[in-house]
Structure formats: structure tokens, C-alpha cells
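Colleague: My questions are about this predicted structure, shown below with the sequence.
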Amino acid sequence: MSSGKEIKAALAQAGVWGQAVACSDGDALYITNESVSQSIEHLPDDSAGQDFYTASDQGLITCGGAMGAYLRYQSLGVLLALALGSAEAPNAQGGSGYLHRLVMTGGLEGLFGTLAVAKGFSVHEFASVKVDGLTIEGSAGQPVTVSFDLICDGLSLNVDTGANTLAGMTALAAPVRGERVLFRQAAFRLNDASGAALSSGDAIHPSRFSLSLKRGLTGDHLAGNNDKISEPVTGSFPEVSLTLEFPTYTSDTYLSDLGSHTQKKLSIVFTGVEIESGVNFGLSLAMPHLVITNAEAAVDKAGKIAHPVTLDVLAPASEVAGMSGLLAPLALELTNTRDAALLA
């Protein structure tokens, strides 16, 4: 018998599509759920002259799914970098803190990893995994969560052979737990994109948010690849969207901005516990160009009128005040104790 309490997951960046790499201590992850699976097309021989199917062959292999976790200031950085597409070299903050800046890119060519999940009987090894999207969500009083949408080349069940064996996964050190990112640690600031740099006067107070990135990756099945997909590449424009939920309708601002097509900018900054004097664990999200696509103030009997707002996150035509150098839709910064680069 195996249970979720006993699993061990790890992900390591890889360099050649279809070739697994061994995960090491620093690659271990804490996750809350995983539903990555493989399906293989079934091709019965339906030739005339027979009463029943008597033979079949296997066809194309498709593999993918989702993996979720509590968002943490440390230990999920590689997955976040594989989703956004870049990670700058860490910048020292004091004696033991490091700032990692991840900026969204237009494509993810060459960025993938090996995922291994030890499930008691065997290690489910996915030699090559690309992050096709992510969703970061949080609500009042709760830890923030993240879910990754994954596309894989296929599944291997390893016990004593393969890049990641049961013994090897068992020997991995427990992941650096890091601190969970909590909703109460967030500061939300929103104003017009054309305005001054965001400040405390731009604070807003939603009760829930959801940020979604969809990459739109597609992979092809080619000769010589044993019916597995080649490395997926960008098949459409990436889409980023944000939902903010306010429990009470108190202003017409968002409805007016929707009607006038006012362009906005937003930052969400989470501040965790202290690493050392003057340096805290941190995670920030910067979005320099948003447009409101929906704002509601629906009545439900005698209850409060809630006010959900949906925004598309776009790239700015030029730099906006307070977000120097950011010409992509989204940037993420992590402050933690990892001194190694997130991407090779």
C-alpha cells in the first residue's frame, strides 16, 4: 500500500529532450497533488473478412496533467522559471539572502526538466516535462497555492533501473521547506499604467485573486521518436489573465475603467519572515499593462453585492513608471536563501 504521505517528488532541469536526468537533493519538492498520466492510442485491425477484432497495435503516446503545491518562497523556483521562460543570476541581499528575478518570455524552447515521483512501488519518471501554464491563487485567511500544467514525452516505471530509482529517490534529502506564501502577507497596488510609480496610496484590498498563464504549447509526433511527442513549441500567443474579487461593491472605478478601456498596472508583493536583519523572504508579481475585460456588481437577494473584476495581462508598448526595464506581461521576483541560479 502507498499513500500521499509516503511519496517523494523531485524535478531537475534537463538538457536533451527525451533523456532523463537524475534528480539530486536540491531538486526535491513538496506538492499537494499530482495527476500526470500517460495514454496510448489503441488501433484495432478492422480489416474486412473477420467477425471480431482479433489483433491491435499501439499508436500515439500522449502524456501530461497537473501538479499542485502551496506556493513557497523557496523550492519551487525552477518550476516557476520553466513556466516564465527566464531567470537572472541571483543577486545577493545581505549575507545570506538572494534575489531571483524571473521575466516572462515569448517562448520556452529548450526549457524542460525531468520529473520523478516515488510512489512506494515504483518511481513514475517523466524524462522530459515542459510547463504549459500555471495558476496562482489565494484567498483571505489561506496559504497561496500554485498549479502547474505539464506536457510530457512519456512515462517510465522505475524500480532498480533508470535515471531515478526507488533507492535513489528514497535517499534524497527532504526538500528545503521554505516558508509558505500566505495571503495575509500580500500588498496589492493598482493604478493607471500612465501614472506615477505605484505607492501605498494605490493599495487595493481584494479578498481573493487568481493569476493564470497559458502557454499554448504543441508537440508533434515524428518518425523515429517511438510515437512520443517532440519537444512542444509555442503554438499561439501566450495568455495571462487575472481575477480580483472584492466582497463588497463600494465604487464604480472598475466599471468606469472597463467602459473607458483604461490601461492599468499592478503589483502584488508578499513579505515573509526575516532571513536576516533587513532581509525577508519575499515574492513579488509585477504586471505593467492590464485591461479590464469584465466587472460585475450582481444582486443576490438581500446579501452583499460582490464585485469580481477580470483583467487581461498584456505587454506594455514601452516602460511604465516604477517598472523599469519590464517589457513583458509579467515578472516575478523571489527572495530566499538559494545562492544557485534557477536555470542553467
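Modeller: Here it is on my side, so go on.
Colleague: measure Lys214 to Phe237 for me?
Modeller: 10 Å (C-beta to C-beta, to the nearest Å). C-beta coordinates here come from the backbone N, C-alpha and C atoms, glycine included.
Colleague: Just want to know which of these two has more residues nearby.
Modeller: Lys214 (16 against 9; other C-beta atoms under 10 Å).
Colleague: The more buried one contacts Gly133, doesn't it?
Modeller: Yes. Lys214 is within contact range of Gly133, at 4.4 Å (criterion: C-beta atoms under 8 Å).
Colleague: I'd like the secondary structure assignment at the residue positioned nearest the centre of the chain, please.
Modeller: Geometric centre of the chain, nearest residue: Leu134, 3.4 Å, by C-alpha atoms, centre = their mean. Following DSSP: H, G, I helix; E, B strand; the rest coil, the label given to Leu134 is strand.
Colleague: which ones are touching it?
Modeller: For Leu134, the contacting residues are Leu79, Leu80, Ala83, Val146, Ser147, Phe148, Asp149, Ser212, Leu213, by C-beta atoms under 8 Å, 6 or more residues apart in numbering.
Colleague: likewise Ala196?
Modeller: Counting by C-beta under 8 Å, 6+ apart, Ala196 touches Ala321, Gly322.
Colleague: Show me where this structure has its helices.
Modeller: Listed in chain order, the helices of the chain (DSSP state H) span 77-84, 166-171, 253-260.
Colleague: Give me the residues contacting the first one.
Modeller: When contacts are taken as C-beta under 8 Å, 6+ apart, the neighbours of helix 77-84 outside the stretch itself are 11-13, 27, 29, 87, 100, 102-105, 108, 111-113, 130-131, 133-134, 146, 148, 213, 215, 330-332, 334, 336, 338, 342-343.
Colleague: For ChimeraX, write a command that selects the buried ones of those.
Modeller: Typed into ChimeraX, the line below selects the buried ones among the contacts of helix 77-84, using 16 or more other C-beta atoms under 10 Å:
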select :11,12,13,27,29,87,100,102,103,104,108,111,112,113,130,131,133,134,146,148,213,215,330,331,332,334,336,338,342,343
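Colleague: give me the number of residues near the closest residue to Asn191 other than its chain neighbours?
Modeller: Distances taken as C-beta to C-beta, 6 or more residues apart in numbering place Asp202 nearest to Asn191, at 4.4 Å, with adjacent residues excluded. By other C-beta under 10 Å, 19 other residues sit near Asp202.
Colleague: Equivalent analysis for Tyr70, please.
Modeller: Tyr70 has 18 neighbours, counted by other C-beta under 10 Å.
Colleague: give the contact list for it.
Modeller: With contact set as C-beta under 8 Å, 6+ apart, Tyr70 has these partners: Tyr30, Thr32, Pro143, Val144, Thr145, Val146, Arg180, Val181.
Colleague: who's in contact with the fourth one?
Modeller: It refers to Val144. Per C-beta under 8 Å, 6+ apart, neighbours of Val144: Tyr70, Leu71, Ile136, Glu137, Gly138, Arg180, Val181, Leu182, Phe183, Ala186, Phe270.
Colleague: Out of those, which is nearest to Gly219?
Modeller: Proximity of the contacts of Val144 to Gly219 (C-beta to C-beta) peaks at Ile136, which lies at 24.9 Å.
Colleague: quick one: the closest one from Glu296, how far?
Modeller: Distance, Ile136 to Glu296, using C-beta to C-beta: 22 Å.
Colleague: Hmm, Lys265 and Leu285 touching each other?
Modeller: No. Using C-beta under 8 Å, Leu285 makes no contact with Lys265, being 11.5 Å away.
Colleague: Mind pulling the model confidence for the nearest residue to Tyr98 once chain neighbours are set aside?
Modeller: In space, Tyr98 comes closest to Pro90 once its chain neighbours are excluded; the distance is 4.0 Å by C-beta to C-beta, 6+ apart. Listed pLDDT for Pro90 reads 98.
Colleague: contacting residues for Pro90?
Modeller: For Pro90, the contact set (C-beta under 8 Å, 6+ apart) comprises Tyr98, Leu99, His100, Arg338, Asp339, Ala340, Ala341, Leu342.
Colleague: Quick check: phi and psi on Ser24?
Modeller: phi -120, psi -180 (degrees, to the nearest 10).
Colleague: Look up how far Asn225 lies from the nearest residue to it once chain neighbours are set aside.
Modeller: Sequence neighbours aside, Ala12 is the residue nearest to Ser24 in space, at 6.8 Å (criterion: C-beta to C-beta, 6+ apart). Separation of Ala12 from Asn225 (C-beta to C-beta): 22 Å.
Colleague: next one: Thr161
Modeller: Between Thr161 and Asn225 the computed distance is 21 Å (C-beta to C-beta).
Colleague: So if I had to pick from those two, which one is more boxed in?
Modeller: Asn225 (16 against 7).
Colleague: Surely the more buried one and Gly18 touch.
Modeller: Yes. Applying C-beta under 8 Å as the test, Asn225 and Gly18 come out as touching, 7.4 Å apart.
Colleague: low-confidence ranges in the chain?
Modeller: The chain contains residues with pLDDT under 70 at 1-2, 177-178.
Colleague: Now for Thr218: which residues touch it?
Modeller: Pro232, Val233, Gly235.
Colleague: so which of the helices of the chain comes closest to Phe281?
Modeller: Nearest of those (C-beta to C-beta): helix 77-84, 12.2 Å.
Colleague: chain center to the closest one, what's the gap?
Modeller: Centroid separation for helix 77-84 versus its chain: 7 Å, with C-alpha atoms, centre = their mean, to the nearest Å.
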